[in-house]
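Novice: My questions concern the predicted model and sequence given below.
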Amino acid sequence: MCGFALNIQAQDAKPEADPKLAIRAGEILRQNCVRCHKGTGSESGYAFNVLDIGSLADEGVVVAGDHGNSELFNAMFSGRMPPKNRPQLPRPSAEDVEAIKNWIAAGAAPIPAPEPRPVIELKSELLAIQKHLQDASRDDRPNLRYFRMSHLHNDPKVDTGTLQTTRIALAKVLNSLSWEAVLVEPKAINPEQTIYAVDIASLGWTRDHWNAMLKSYPYALSYGSLDDSSLKDIDDDISDMRRDQSPVVVRADWMIAVASKPPLYYSLLFDLELPELVPRRADPKNPANPKSMTDADLEHYLGVDVIRNFLSGKAVRSGYTESGVSGQNRLIERHPLKSGGFYWKSYDFKSSNRTAILSEFPLGPKFHDNPFNDLAFEHDGGEIIFSLPNGLQGYLLVDAKGNRIDAGPIEVVGDSLKTSGNEQIVAGVSCIACHRVGMIESPDDEVRLFSGAVNDARDHVRRLYPENDDFRKWLEQDRRTFVNSLQRAIEPFVHGETVESLPEPVGEVSRRYHLEPMSLETVAAELHVEAARLRGSIEADPKLRELGLRVLLRDGGTIKRAAWESPAAFPLMKQTARQLGFDPR
Ligand code: HEC
Ligand code: HEC
């Protein structure tokens, strides 16, 4: 009886199953699965597309009405999917798994395409900025800047989850580039919440910070030659109010993806902040991103004396052989900051390094006056995480000598997810993506137990390398500091979700920005025009076809972000914009 009733329900439910379940299922599958399961040619090697119920049924991964026999549900329920070895990736919550179960049980209705959103016109954006400046006090106006994501809103391929992730990432990146103690909240200035105002002074930024961004910003346009002259008038009024001609708005997704990695990440976080670096920056032999910064510069600025803490035993350490990152031997070390925060440093070793056997060489690194130099390792590089005054984290990568480097050696560690735009592990976004909830639990220390050191050296090993439980407490305490601060930073943009439950937003936005192929709709949205108009222009204008845009007219035709932004001197984006009547800036 019961089975019969269920059967009928499943059969009946199929055509008109609750559309809300399918919408929710779509959100979950988009967020957690689609990157690797979007049909033939996907990263997973499987042919099903998680958003296409037809293909899920054809490939036998979903049996409508029978979640127990649906591989899609089982893979999530067992925790097998998404793959566990990818800490950067979002994971579905227990409620999400339950929602997938309910969706399949109720007949697995087709997942609808995201609702189209009404387009936000360029003019309404400019008017919103003008109004915001008019309402601000004269003294504040020169410090106001704007981050926009209207082009994402206007792109029908972008779902609402991505818009929310972008807002959260904006708050996270800005506060990760601030040395102020107080967290800064970007404030939406239009009803659609696609333009955010920030008082850069509250981030501790000056005009130099903004200009450093503009220098590499490929999307600045002005409107003098457009048919609608009112756009130029509003823009001029904006410049007049600020007493500054330079662009006042940049794209949020660009900023999130580009200011979270060197060179811009280092410029904003260090070069414009650490007083010692300012004169070095002027050195003509070190133009753009000077490698003349060392870990010692940062330690000096933070008031951390690594050597003294080593000698006094104030530092705490853990050494182990099977790092989850490098697969090689590794030593990690914590120093306290006077502000109550932390300075974590890893000492990394190449596999060929003889001193990497930490139980034999536990008391490195070698330095003049190290009383234990005969037991001192010599490391090949290091990774640093420190707390910022607002509780978020800063990151630095260094070589064997402590010199700042942009990326880890690719032969040692690579990121197949290409979070930074390619496989390199870079300072900033790569660290942010993996350390999404701060400190990561490391394998057990092997030095305290297995070191062969004797006498003074033995005592010193015991001071520096605590019992595992004591060491874990530091990791846990610092993890909580970060998560609590980050939760406060993103609170205005979430609806009950937590840092732990959400995917890591900066890596998400960065991967999407760099890697998502650009369709006609995306290109059109980035150029403030409708897709139909862009299509017409490409068909009619031989210059646009010469630029290589004809491929966008093909069904499924795309171009790559890197091509869109090159050459740096006059990117394809600007060449195209000019053909459409804009003045590239
Ligand atoms: C980082 C890429 C990645 C993500 C994200 C991912 N998968 Fe997979 N998936 C794979 C790979 C690779 C395989 C094949 C290898 C394997 O079975 O481990 C696979 C296999 C599968 C299979 C068939 C084999 C099996 O284990 O049942 C199912 C079903 C599946 N994934 C569902 C999902 C679902 C549902 C999600 C989202 C909750 C998801 N996957 C997220 C990469 C991914
Ligand atoms: C692929 C993921 C991944 C990336 C990318 C990554 N880490 Fe880690 N990190 C880990 C894991 C896992 C641990 C735990 C210890 C271990 O397994 O070695 C860790 C530990 C650390 C530690 C010791 C404190 C702790 O959390 O246990 C520091 C310091 C550190 N990482 C710095 C960095 C910096 C700086 C970057 C960016 C350049 C970075 N990491 C990028 C995965 C990553």
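Specialist: Right, received. Where do you want to start? Ligands and ions are numbered 1, 2, ... in the order given.
Novice: Okay, Q579 and K543: tell me how far apart.
Specialist: 5 Å (Cβ to Cβ, to the nearest Å). Where C-beta positions appear, they are placed from N, C-alpha and C, glycine not excepted.
Novice: just D555 next, same as before
Specialist: 23 Å.
Novice: ok, the two, which is more surrounded?
Specialist: K543 (13 against 5; other Cβ atoms under 10 Å).
Novice: okay, which residue is most central for the chain?
Specialist: Geometric centre of the chain, nearest residue: V506, 2.0 Å, by Cα atoms, centre = their mean.
Novice: And that one, how far from ligand 1?
Specialist: Between V506 and ligand 1 the distance is 18 Å, computed by Cβ to the nearest ligand atom, to the nearest Å.
Novice: same for the helix or strand containing that residue, what does it pack against?
Specialist: Per DSSP states H and E, V506 falls inside helix 505-515. Counting contacts by 3 or more Cβ pairs under 8 Å, 6 or more residues apart in numbering; DSSP states H and E, helix 505-515 is packed against helix 160-176, helix 252-258, helix 429-434, helix 561-564.
Novice: Can you tell me which helices and strands the longest one packs against?
Specialist: Here helix 160-176 touches helix 19-32, helix 150-153, strand 195-199, helix 252-258, helix 468-490, helix 505-515, going by 3+ Cβ pairs under 8 Å, 6+ apart.
Novice: Get me the contact residues on this structure for ligand 1.
Specialist: Contacts of the chain with ligand 1, taken as Cβ under 6 Å from any ligand atom, map to 32-33, 35-37, 43-46, 61, 71-72, 75-76, 80-83, 86, 89, 92.
Novice: May I see the PyMOL selection of the buried members of these?
Specialist: To isolate the buried subset of the residues of the chain next to ligand 1 in PyMOL, counting by 16 or more other Cβ atoms under 10 Å, use the following:
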select buried, resi 32+33+35+36+37+46+61+71+72+76+81+82+89+92
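Novice: residue contacts, the residue of the stretch 101-250 of the chain found nearest ligand 1?
Specialist: At 11.0 Å from ligand 1, I104 is the closest residue in the stretch 101-250 of the chain, using Cβ to the nearest ligand atom. For I104, the contacting residues are V62, V63, A64, G65, D66, H67, S70, L72, F73, by Cβ atoms under 8 Å, 6 or more residues apart in numbering.
Novice: Kindly export the helix or strand where it lies (C-alpha atoms) in CSV.
Specialist: Taking DSSP H and E as the criterion, I104 maps to helix 94-105. Extracted in CSV, the C-alpha atoms of helix 94-105 (Å, rounded to 0.1, in the frame of the first residue of the first chain):
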residue,chain,number,x,y,z
ALA,A,94,24.2,18.3,5.4
GLU,A,95,21.2,20.4,4.5
ASP,A,96,22.4,20.7,0.9
VAL,A,97,22.7,16.9,0.7
GLU,A,98,19.2,16.6,2.1
ALA,A,99,17.9,19.1,-0.5
ILE,A,100,19.4,17.0,-3.3
LYS,A,101,17.8,13.9,-1.8
ASN,A,102,14.3,15.6,-1.7
TRP,A,103,14.7,16.9,-5.2
ILE,A,104,15.5,13.4,-6.6
ALA,A,105,12.8,11.7,-4.4
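Novice: Report all helices and strands that whatever helix or strand comes next after that helix contacts.
Specialist: Next along the chain after helix 94-105, taking DSSP H and E as the criterion, comes helix 122-135. The helices and strands touching helix 122-135, judged by 3+ Cβ pairs under 8 Å, 6+ apart, are strand 144-148, strand 195-199, helix 229-242.
Novice: So what touches the longest one?
Specialist: Right, the one you point to is helix 229-242. Contacts for helix 229-242 (Cβ under 8 Å, 6+ apart): 122-123, 126-127, 129-130, 133-134, 141-142, 144, 222-224, 226, 245, 248.
Novice: Then stretch 75-88?
Specialist: For stretch 75-88, the surrounding residues in contact (Cβ under 8 Å, 6+ apart) are 32-33, 36, 74, 89-92, 96-97, 100-101, 415, 417, 419, 433-434, 436, 440, 504, 507.
Novice: That one and ligand 2, are they touching?
Specialist: Yes: judged by Cβ under 6 Å from any ligand atom, stretch 75-88 and ligand 2 are in contact via P87.
Novice: next one: stretch 441-461
Specialist: Yes: interface with ligand 2: stretch 441-461 contributes S442 (Cβ under 6 Å from any ligand atom).
Novice: Convert the C-alpha atoms of that stretch to CSV, please.
Specialist: Extracted C-alpha coordinates of stretch 441-461, given in CSV (Å, rounded to 0.1, in the frame of the first residue of the first chain):
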residue,chain,number,x,y,z
GLU,A,441,45.9,21.2,11.2
SER,A,442,49.4,19.8,10.5
PRO,A,443,50.7,16.2,10.9
ASP,A,444,52.1,15.3,14.3
ASP,A,445,55.5,16.7,15.3
GLU,A,446,58.3,14.1,15.0
VAL,A,447,61.2,16.1,16.4
ARG,A,448,60.4,16.2,20.1
LEU,A,449,60.1,12.4,20.3
PHE,A,450,62.8,11.4,17.8
SER,A,451,65.5,14.0,18.0
GLY,A,452,68.8,12.5,18.9
ALA,A,453,70.0,15.8,20.5
VAL,A,454,71.7,15.6,23.9
ASN,A,455,72.3,17.9,26.9
ASP,A,456,71.6,21.6,26.2
ALA,A,457,70.5,20.9,22.7
ARG,A,458,68.0,18.3,24.0
ASP,A,459,66.6,20.8,26.5
HIS,A,460,66.3,23.4,23.8
VAL,A,461,64.5,21.0,21.5
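Novice: quick one: low-confidence parts of this structure?
Specialist: Along the chain, the model assigns pLDDT under 70 to residues 1-17, 281-291, 410-412.
Novice: all strands of it, in order?
Specialist: 144-148, 187-188, 195-199, 221-222, 249-251, 316-320, 330-336, 342-348, 381-387, 393-399, 404-405, 583-584 (DSSP state E).
Novice: Output the contacting helices and strands for the last one.
Specialist: Going back to what we said before, that points to strand 583-584. Helices and strands touching strand 583-584, by 3+ Cβ pairs under 8 Å, 6+ apart, are strand 221-222, helix 572-579.
Novice: Could you do the fifth one as well?
Specialist: Where contact means 3+ Cβ pairs under 8 Å, 6+ apart, strand 249-251 is packed against strand 144-148.
Novice: Just want the angle from the strand it packs on to helix 122-135.
Specialist: 160 degrees (axes from the mean of the first three to the mean of the last three Cα atoms, to 10 degrees).
Novice: sorry, back to before: I'd like the helices and strands packed on helix 505-515 laid out as JSON lines, including distance to ligand 2 and mean neighbour count.
Specialist: Putting those into JSON lines (distance: least, Cβ to the nearest ligand atom, whole Å; neighbours: other Cβ atoms under 10 Å) gives the following:
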{"stretch": "helix 160-176", "distance to ligand 2": "13", "mean neighbour count": "23"}
{"stretch": "helix 252-258", "distance to ligand 2": "16", "mean neighbour count": "25"}
{"stretch": "helix 429-434", "distance to ligand 2": "3", "mean neighbour count": "26"}
{"stretch": "helix 561-564", "distance to ligand 2": "21", "mean neighbour count": "16"}
